[in-house]
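Visitor: Here is my input, please return the structure:
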Amino acid sequence: MAEPGEGYYPYQVQIDAYGGGGFRFAEMSHKGSLLCLPTGMHKWDVTIPADITLESLQPVFEAAADLDVLLIGLGKDIAGLDRSIREALREQKVIVEAIATGGAVRTYNILLGERRAVGAALIAVDTVR
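Guide: Purely as a prediction, here's the structure:
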């Protein structure tokens, strides 16, 4: 895991805005994709759905005991998610919803506001629909 200041914020918080290739949260701006987990907000080196692998989701698996739901934001459009990823998360008892990033951000904020055990893996987008 990264240390604070190296693409890491030590608390899980709501996302205030997205677009322009990044996200705003906790009065900060983050460029690039983002993992939102009970362990904090982490930079995520994924730019397209094909980059989503068991390896790129390793921090999610490390936090799986504290998650009920993982929202995966696939960018602007909905794309397929490798079945092995869904199955591996299901084995950890984590429900996966793979949708466009905008919908994933909105749903993540709602569930986090309800104090649900939610995480998000969000591919950054340039434009907001």
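Visitor: Which strand residues bridge residue 24?
Guide: residue 17, residue 29 (DSSP bridges).
Visitor: partners of the helix or strand of the chain with the lowest mean pLDDT, with directions?
Guide: Using mean pLDDT, DSSP states H and E, the weakest-scoring helix or strand in the chain turns out to be strand 8-9, at a mean of 92. Its sheet considered, strand 8-9 pairs with strand 40-44 (antiparallel) by DSSP bridges.
Visitor: Dump the helix or strand just after the partner strand to PDB, restricted to CA.
Guide: Counting by DSSP states H and E, the element after strand 40-44 in chain order, helix or strand, is helix 58-63. What follows is helix 58-63, C-alpha atoms only, in PDB (Å, rounded to 0.1, in the frame of the first residue of the first chain):
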ATOM      1  CA  GLN A  58      -5.300  -7.200  -5.000                       C
ATOM      2  CA  PRO A  59      -6.000  -4.300  -2.500                       C
ATOM      3  CA  VAL A  60      -9.700  -5.200  -2.800                       C
ATOM      4  CA  PHE A  61      -9.000  -8.800  -1.900                       C
ATOM      5  CA  GLU A  62      -6.900  -7.700   1.000                       C
ATOM      6  CA  ALA A  63      -9.900  -5.600   2.300                       C
END
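Visitor: Does helix 58-63 pack against any helices or strands, and if so which?
Guide: When contacts are defined as 3 or more C-beta pairs under 8 Å, 6 or more residues apart in numbering; DSSP states H and E, helix 58-63 packs onto strand 33-37, helix 83-91, strand 118-122. (Each C-beta comes from the backbone N, C-alpha and C, glycine too.)
Visitor: Check the gap between the spatially most central residue of the chain and residue 37 for me.
Guide: Nearest to the mean C-alpha position of the chain, counting by C-alpha atoms, centre = their mean, stands residue 121 at 1.8 Å. Distance of residue 121 to residue 37, given as C-beta to C-beta, to the nearest Å: 9 Å.
Visitor: Cheers, nothing more for now.
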